[in-house]
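1. sequence? don't have it. structure:
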Ligand code: HMG
């Protein structure tokens, strides 16, 4: 019996900064961002949006289609957690009225933990004696210091995936290749809101990890690269996906003439990330959702996916797209959401960036911005208060 992704839904903030404005403010040639990094916009969460509201908003369209009592596992992957103890998934559990008979936990390993959550959920569901479902949510806000090289790669977003037997979108292959190493390429100490990164080193570690995970995947699966039809990568910025696939093609085929093939194999999964920026744990699945929404010929095809989390952990895995997948996508909603966003002026971006969540535990009520169906309403006695929004 197959196991994998039964439904997949993506959500991002209703606000963005055009990278032309950022380039102007930083005195940088916009082409560096547009063609050098492959980025055009970065999604900016307003003060009343966070990983919990984004995660719940991504999951709601899925839960609207099923009996919520069937969800017996909720895995929430993030590196932008809002509490050192309480799992972000428990706030989502409340907002979405999930059953008390549900296991809920938060997972962390930089951008990789969404994949860990998916694989753990698939393993759990395939062993379950009952016909249960798992909800995997990957949700993040990418923040770097103002004026740093990482700044134009900021972004935010969430992807929710329902994991079931006989999935209607992607049946996961049992084989995967992985690679772990203790490196300091990107990290965020608990006392900082912004990540620290050794930028050029991080891209090198990412590329080496992709090749190593690919080689392990080949050892485990015996497959050749030609058995995979399209590839999705973790996308800190979209050019990274092309560079990574070029390296994987070189390792697989021993050829250096890979640029055109690399672009063909990965770029259908770029459009959403180009307009949101990095969404860390959600990024790989945002690219996968984008590929599904933009290619109508994936039925029965095998897709390769590479997940990378700094620190570092990489995994190459694959799955086969269901023949009926197009009937179960949220493509129109994804596209409408991206088209209906508010562009920020540069100063508005900086004002939102500098607005910190108060830490004195006093009662705060946040101004209402545009969000999805849920918002972070404020704080009372050190407790975060979330609320549903009238739509
Ligand atoms: P940088 O130093 O500002 O940029 O940092 P650059 O000088 O390397 O230029 C970037 C590209 O633009 C280059 O292309 C330039 O040639 C080109 P390349 O040589 O690489 O093909 N360029 C131009 N193109 C056209 N017109 C121009 C122009 N000027 C330059 N005028 C860097 C780039 C990625 C290092 C920086 O943005 C950064 O630090 N980003 C954050 C870290 C990051 O994203 N790392 C990626 C790998 S690690 C990862 O993916 C994990 C992560 O998601 C976190 C997690 O796991 O949790 C980050």
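-> Thanks, I have the structure now. In this text the structure is predicted, and so the values were computed from the model without any measurement.
2. Please make it C-alpha for all contacts and neighbour counts, starting now.
-> Fine.
3. Flag every residue of the stretch 251-391 of the chain that's near the ligand.
-> Contact residues (C-alpha under 6 Å from any ligand atom) of the stretch 251-391 of the chain with the ligand: 280, 308-310.
4. Identify the residues contacting the closest residue to residue 181 other than its chain neighbours.
-> Once flanking residues are discounted, residue 181 sits nearest to residue 312: 5.4 Å by C-alpha to C-alpha, 6 or more residues apart in numbering. Residue 312 makes contact with 180-185, according to C-alpha atoms under 8 Å, 6 or more residues apart in numbering.
5. residues in contact with stretch 115-133?
-> With C-alpha under 8 Å, 6+ apart as the test, stretch 115-133 has contacts from 3-4, 70-73, 75-77, 107, 134-136, 162-165, 281, 307, 315.
6. for stretch 328-335, same thing?
-> Identification of contacts with stretch 328-335 by C-alpha under 8 Å, 6+ apart yields 7-11, 168-169, 292-293.
7. I'd like the distance from it to the chain centre, please.
-> Remark: stretch 328-335 is offset 16 Å from the chain centroid, using C-alpha atoms, centre = their mean, to the nearest Å.
8. shift numbering so it begins at 661
-> Yes, from this point I'll number from 661; that puts the last item at stretch 988-995.
9. Now do the buried residues in that stretch.
-> 989-991, 994 (16 or more other C-alpha atoms under 10 Å).
10. From those residues, which land in helices?
-> Counted as lying in helices by DSSP state H, out of the buried residues of stretch 988-995, are 991, 994.
11. could you pull out the strands for the stretch 661-810 of the chain?
-> 663-671, 675-678, 701-703, 731-737, 763-767, 793-802 (DSSP state E, counting those that start in this stretch).
12. Quick check, residue 862 in contact with residue 969.
-> No - between residue 862 and residue 969 there is no contact under C-alpha atoms under 8 Å: 10.1 Å.
13. can you list contacts of stretch 849-866?
-> 802-805, 809-810, 844-848, 900, 904, 968, 970.
14. could you give the mean pLDDT of it?
-> Across stretch 849-866, pLDDT averages out at 96.
15. what's the answer for stretch 780-792, then?
-> Stretch 780-792 comes out at a mean pLDDT of 90.
16. Enumerate the positions of it that are buried.
-> Quick answer for stretch 780-792 (16+ other C-alpha under 10 Å): 781-782, 784-786, 792.
17. before we move on, what about stretch 756-771?
-> By 16+ other C-alpha under 10 Å, the buried positions in stretch 756-771 come out as 756, 758-759, 764-771.
18. For those residues, give me TSV that also has pLDDT and distance to residue 699.
-> Output for these, formatted as TSV (pLDDT from 0 to 100; distance: C-alpha to C-alpha, whole Å):
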residue	pLDDT	distance to residue 699
756	97	33
758	97	37
759	97	40
764	98	35
765	98	33
766	98	30
767	98	28
768	98	26
769	98	25
770	98	21
771	98	18
